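> please work out how this folds:
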Amino acid sequence: MSGVREWVESVRADKWGVLVDLLFAIVWVTMVDLLFRVIDGPTYAYWMLMLAGIVAYFGFFASLEAATSEKG
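All right, here's what the predicted structure looks like:
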């Protein structure tokens, strides 16, 4: 049970980070799903774009961190 307790404590300590991560994932998956409902693209492209969300996530937050660290 200590694993669950540690997880809950870590989420409480970084609640905004977890919320932003969840929001990014929901928005990305929704955008990809809506796009492929409209264009009816191939399945492999759908999954490639879903996986590209991982790269987009790390790229976005790395650039955001770099921009805010340069600021001051």
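
> the helix or strand hosting residue 28: how far from the chain's middle?
Take DSSP states H and E as the rule and residue 28 turns out to sit in helix 15-39. Computed by Cα atoms, centre = their mean, to the nearest Å, the chain-centroid distance of helix 15-39 equals 7 Å.

> ok, stretch 42-52 next?
Put simply, stretch 42-52 sits 16 Å off its chain's centre (Cα atoms, centre = their mean).

> okay, buried residues for it please.
For stretch 42-52, a neighbour-count test (16 or more other Cβ atoms under 10 Å) marks 46, 49 as buried. (Glycine included, C-beta is placed from N, CA and C.)

> which stretches of this structure have low pLDDT?
Flagging of the chain using pLDDT under 70 yields the residue ranges 1, 11, 70-72.

> select the longest helix from it.
Assignment by DSSP state H gives helix 43-71 as the longest helix of the chain.
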